[in-house]
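**Q** what's the 3D shape of this:
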Amino acid sequence: MRSIKESECLFLASIIKYPELVYAFDDLDSNDFSSEYPFIIYKTLLNTDIQKLKDEGVYSLMHELRSKKQLSSDEFMYTVNDFGQIQPEITSYNAENAYKSIKLDRAEQKFISDLNPILSQGKEVGLEERVESIAAIIERTKDSLVNEDKVVKASDIKITQSKRVISTGIEKIDKKVLISENYFVLIASRPFNGKTSFACHMAMHNTMKGKILFYSMEMNTNQIASKLKEYGSIYKPENFLIVEKTQTSLAEIVRTARKVKPVAIFIDQFNKLKMHGSSEYERFTSMAKKLKIYAGILKIPIVCLAQINRSASKERPYMHNLKGSGSLEEECDVGLLLHVKNRDSKETTVCVDKNRSLYGYLGEVDLKHNPETNFYQEV
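**A** Residues are numbered from 1 along each chain as shown. Model prediction:
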């Protein structure tokens, strides 16, 4: 009979008690577990209805595993008992914080590394040893790790004006839209309406401010570079960093961003990100929330490209026409929708359909696009 190591049991018990945390660990793979057994449970969690888990807990998960014939009757009872014994002791505090810390470390976020030589030396350490090491640190510093809501008096708040971190490169839009450090910006259009071209134009204008991390999952590096070759001295090509991939996870993007330290991240495009969930709605909703959360954690804008539904009217698009769930519309801070009325005229209308910035402007700006130089200019 197989058993789960205590460290893995801490992890599984914590995410069964707090099932919404499971998506924060979606880049764990079989190498993070000592055997296939706990990994099967973890993968099943990723594809189990979260509300059902909240309502029915561990028995819901175990019955699902049994129905898939992934656990025998004896293993099923042993596992239930195993969780039943360990849950009351650990899930209220240690497991949640310990595994949050592991995930943060996987994203290369420093977790009191001065007290943890194993992690700070960057050695490859197994899941069990990592948990034990981090749990020991947590025990010594638990008072500082207890989550408490911070209460602030209104009289103590010093109101400061938000600072612009990046611009669109279009003066008329920049006068009305202020993109701050923790903003999730959405650029959307129908297929072949210039999303990537406009994103390159916008990214290029910000290379003078620092490094731009541009994830291209639609075009190769040569195609992206060809859109930038005519910009000349008004941008720094050494600051335009392109990552060419057919698909990637948000965790991989975050790890790269922590090394590169860009002023902004561009992702082309949303539906090429690796997502988990039983339906498109669930996958899109989870990823939209993550993009907003990580913009806040990294303290830089994340600009993501997305598609308008093909079934939508050929007229001017709106935020509710976005492909997938309504969460993109809900989570983004700025929504820029591109509309090409006539391909021959090379005119593009940028519709500012959402704007949480100070100015709150909503409206349309007409631009002329030169495909040879990729310049966008106001009409």
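
**Q** quick one: low-confidence parts of the stretch 1-150 of the chain?
**A** 1-7, 14, 16-21, 23-27, 50, 52-63, 65-150 (pLDDT under 70).

**Q** Which parts of this protein are strands?
**A** Using DSSP state E, the strands of the chain run over 184-189, 212-216, 240-244, 264-268, 302-307, 334-342, 347-355, 363-370, 375-378.

**Q** Can you list the helices and strands that the third one packs against?
**A** What that stands for is strand 240-244. Secondary-structure packing of strand 240-244 (3 or more C-beta pairs under 8 Å, 6 or more residues apart in numbering; DSSP states H and E): strand 212-216, helix 221-226. The C-beta positions use only the backbone N, C-alpha and C, and glycine is treated the same way.

**Q** cool, and the fourth one?
**A** Contacts of strand 264-268 with other secondary structure elements, assessed using 3+ C-beta pairs under 8 Å, 6+ apart, are made with helix 195-205, strand 212-216, helix 250-260, strand 302-307.

**Q** average model confidence for the first one?
**A** The predicted model gives helix 195-205 an average pLDDT of 93.

**Q** Return the list of helices and strands in contact with it.
**A** Counting contacts by 3+ C-beta pairs under 8 Å, 6+ apart, helix 195-205 is packed against strand 184-189, strand 212-216, strand 264-268, strand 302-307, strand 334-342, strand 375-378.

**Q** Mind doing that once more with 7 Å?
**A** strand 184-189, strand 264-268, strand 302-307 (3 or more C-beta pairs under 7 Å, 6 or more residues apart in numbering; DSSP states H and E).

**Q** how about those strands in JSON lines, adding mean neighbour count, distance to Y42 and mean pLDDT?
**A** What follows is the helices and strands packed on helix 195-205, written out as JSON lines (neighbours: other C-beta atoms under 10 Å; distance: least, C-beta to C-beta, whole Å; pLDDT from 0 to 100):
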{"stretch": "strand 184-189", "mean neighbour count": "25", "distance to Y42": "28", "mean pLDDT": "95"}
{"stretch": "strand 264-268", "mean neighbour count": "26", "distance to Y42": "26", "mean pLDDT": "96"}
{"stretch": "strand 302-307", "mean neighbour count": "25", "distance to Y42": "27", "mean pLDDT": "95"}
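
**Q** Could you provide the ones you listed in CSV, with additional columns for distance to G360?
**A** Formatted as CSV, the helices and strands packed on helix 195-205 follow (distance: least, C-beta to C-beta, whole Å):
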stretch, distance to G360
strand 184-189, 15
strand 264-268, 22
strand 302-307, 20
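
**Q** Tell me which of the helices and strands packed on strand 240-244 sits nearest to V350.
**A** Closest to V350 of the helices and strands packed on strand 240-244, according to C-beta to C-beta: strand 212-216, at 19.5 Å.

**Q** Need the residues that contact that closest one.
**A** Residues outside strand 212-216 that contact it (C-beta atoms under 7 Å, 6 or more residues apart in numbering) are 203, 206, 224, 239-245, 248, 253, 256-257, 260, 262-268.

**Q** same deal with stretch 361-374?
**A** If you take C-beta under 7 Å, 6+ apart as the criterion, stretch 361-374 is touched by 170, 172-173, 176-177, 194, 197, 200-201, 227, 230, 346-353, 355, 376-379.

**Q** Give me the buried entries from these.
**A** Buried subset of the contacts of stretch 361-374 (neighbour count, 16 or more other C-beta atoms under 10 Å): 170, 172-173, 176-177, 194, 197, 200-201, 227, 348-353, 355, 376.

**Q** and D49, which of the strands of the chain is closest to it?
**A** Among these, the nearest to D49 by C-beta to C-beta is strand 302-307 (25.7 Å).

**Q** who does the closest one touch, helix- and strand-wise?
**A** Looks like strand 302-307 contacts strand 184-189, helix 195-205, strand 264-268, helix 280-298 (3+ C-beta pairs under 7 Å, 6+ apart).

**Q** Try it again at 6 Å.
**A** The contact analysis (3 or more C-beta pairs under 6 Å, 6 or more residues apart in numbering; DSSP states H and E) places strand 302-307 against strand 184-189, strand 264-268.

**Q** Just put the helices and strands packed on strand 264-268 in JSON lines and tack on distance to L362.
**A** Below are the helices and strands packed on strand 264-268 laid out as JSON lines (distance: least, C-beta to C-beta, whole Å):
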{"stretch": "helix 195-205", "distance to L362": "18"}
{"stretch": "strand 212-216", "distance to L362": "27"}
{"stretch": "helix 250-260", "distance to L362": "29"}
{"stretch": "strand 302-307", "distance to L362": "19"}
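
**Q** so which of these comes closest to N31?
**A** Taking C-beta to C-beta, helix 250-260 is the member of the helices and strands packed on strand 264-268 nearest to N31, at 14.5 Å.

**Q** Kindly give a single PyMOL line that selects the buried subset of the contacts of strand 212-216.
**A** The following PyMOL line selects those of these that are buried, judged by 16+ other C-beta under 10 Å:
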select buried, resi 203+206+224+239+240+241+242+243+248+253+256+257+262+263+264+265+266+267+268
